[in-house]
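Peer 1: Here is a sequence together with a model predicted from it:
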Amino acid sequence: MIGQLRSRLADIDLVNVVCYDTIRILHTHFTDLKAASARPEECARPYPLHPCLVSPDSELAFLRCVARILLLCLLPQKDARSHPLRCCLTEVITTKVLKPLVEVLSDPDSINRMLLSQLEQREQQAEQQKKAYTYAASYEDFIKLISTSADVNFLKQLRYQIVVEIIHATTISSLPQLKKQKERKGKESAAMKADLLRARDMKRYINQLTVAKKQCEKRIRLLGGPNYENNEEGGTDDSDEPQSQKILQFDDIMCNPGYREHFRVYMERVDKRALISFWELVEMLKTANKVAETMRERYYPSFLVSDLYDKLIRRDEQHSQSQCSTEEKEEGCQGLDAGEAVGDEGSKGINEQASYAATKLRQLYDKLEYKRQALGSIQNAPNLTKGNKKIRSKKFTA
């Protein structure tokens, strides 16, 4: 009978039941309840109760009817034909299964306790997931924690974190520029994971992580979990296993716009966007001469034969002719006052001085802007900043 019930439940569309049927029934229930709870002056209508809720006897009769239908559908034909067996099973299912189930589902306190237990369980799982590197105060305590743990899910998560840490440590230790920085002493390093890993004896640290990983896999296998050693020997890929990636060189990342865009997002995440912005401005200034050479070679000859160049020449000739005619008029005019000529020359000199001052001011503003960006980048640099936030997550000591 249990197997028949399981097979019938497997054919039910659970999504349709939860998202459509249950929602529709609850909506109808609360609509009728709201209409019945209205104040007397609003013409409240009586709440339509199910006939089985009139009295306890009617409720038991309804549950017996439900039990009979279930037995007819679930019992084999040989047993369903036995009337005494059906009557006995009907009473047992009604009084020991359906009646207590209805009492629990109709009790608000039981529903609240169920929700509370689910929330507490989720909080415990969330607390375990937050533990990244704060499992133990020392390496010995960390190994002891693995050996005494009986939670397979916790050990799986712990193994995943160990594998991720091995990948990070191996990647960082393989970079040559980071090896050079490791030799520097007496300088305050930024509170970043890469700096914390560089401060360790990387070879010893990776060996400790490898031993902890094997111990964790051994404990998982003893508790009935998956055998990771067989998976590695068989060459099968574990979907939960983090995969190591190839290392792109820094120059390749900065030269490729797509790679640089991802690197820019990371710099924004660590609040160091000013560094990459300053680098882009400097690169723009470096390529200014190349752009000018390209325009001179490719576009300047075609500009000389274009209509815009003809308009430019005609305009320049007209301007020269107008200046010549003005000079002739000034020479032929004897009645002009010498003071007016001096005033014209003075105004022309003032205009030239104003134009020169504006040009110098623009140049000074550009230099000041570049220096301000450089100063902001230096102040935000990881090795010179004293106000960076410290990482609160602690790793087990080597």
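Peer 2: Done, it's in. Only a predicted model underlies this, so the values are computations on that prediction, with no experimental measurement involved. Numbers count the residues shown, from 1 in each chain.

Peer 1: May I see the buried residues of stretch 56-66?
Peer 2: Using 16 or more other C-beta atoms under 10 Å as the burial criterion, the residues of stretch 56-66 that qualify are 59, 60, 62, 63, 64. Quick note: C-beta positions are derived from backbone N, CA and C, even for glycine.

Peer 1: Dump the residues you listed to JSON lines, plus distance to residue 225.
Peer 2: Converted to JSON lines, the buried residues of stretch 56-66 look like this (distance: C-beta to C-beta, whole Å):
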{"residue": "59", "distance to residue 225": "47"}
{"residue": "60", "distance to residue 225": "48"}
{"residue": "62", "distance to residue 225": "47"}
{"residue": "63", "distance to residue 225": "43"}
{"residue": "64", "distance to residue 225": "46"}
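
Peer 1: quick check, nearest of those residues to residue 228?
Peer 2: Comparing the buried residues of stretch 56-66 against residue 228 with C-beta to C-beta places residue 63 closest, at 50.8 Å.

Peer 1: what's that closest one in contact with, if anything?
Peer 2: Each residue near residue 63 by C-beta atoms under 8 Å, 6 or more residues apart in numbering is listed here: 52, 94, 98, 99, 102.

Peer 1: burial count for the second one?
Peer 2: What it means is residue 94. 20 (other C-beta atoms under 10 Å).

Peer 1: Against residue 66, how distant is it?
Peer 2: 8 Å (C-beta to C-beta, to the nearest Å).

Peer 1: would you say residue 225 is within a helix?
Peer 2: No: counting by DSSP: H, G, I helix; E, B strand; the rest coil, residue 225 is not part of a helix but coil.

Peer 1: gap between it and residue 56?
Peer 2: Distance from residue 225 to residue 56, by C-beta to C-beta: 50 Å.

Peer 1: just residue 49 next, same as before
Peer 2: 14 Å.

Peer 1: didn't residue 5 look like it was pressed against residue 74?
Peer 2: Yes: at 5.5 Å, residue 5 counts as touching residue 74 under the criterion of C-beta atoms under 8 Å.

Peer 1: of those two, who's got more company?
Peer 2: Taking neighbours as other C-beta under 10 Å, residue 5 and residue 74 compare with residue 74 leading, 17 against 12.

Peer 1: got a list of what that one touches?
Peer 2: Residue 74 touches 1, 4, 5, 8, counting by C-beta under 8 Å, 6+ apart.

Peer 1: who touches the last one in this structure?
Peer 2: I take that to be residue 8. By C-beta under 8 Å, 6+ apart, the neighbours of residue 8 are 73, 74.

Peer 1: Averaged pLDDT, the helix or strand where it lies. What do you get?
Peer 2: Under the criterion of DSSP states H and E, residue 8 resides in helix 2-10. Mean pLDDT, helix 2-10: 82.

Peer 1: and the next element down the chain from that helix?
Peer 2: Of the helices and strands lying after helix 2-10 in sequence (DSSP H and E), the nearest is helix 14-16.
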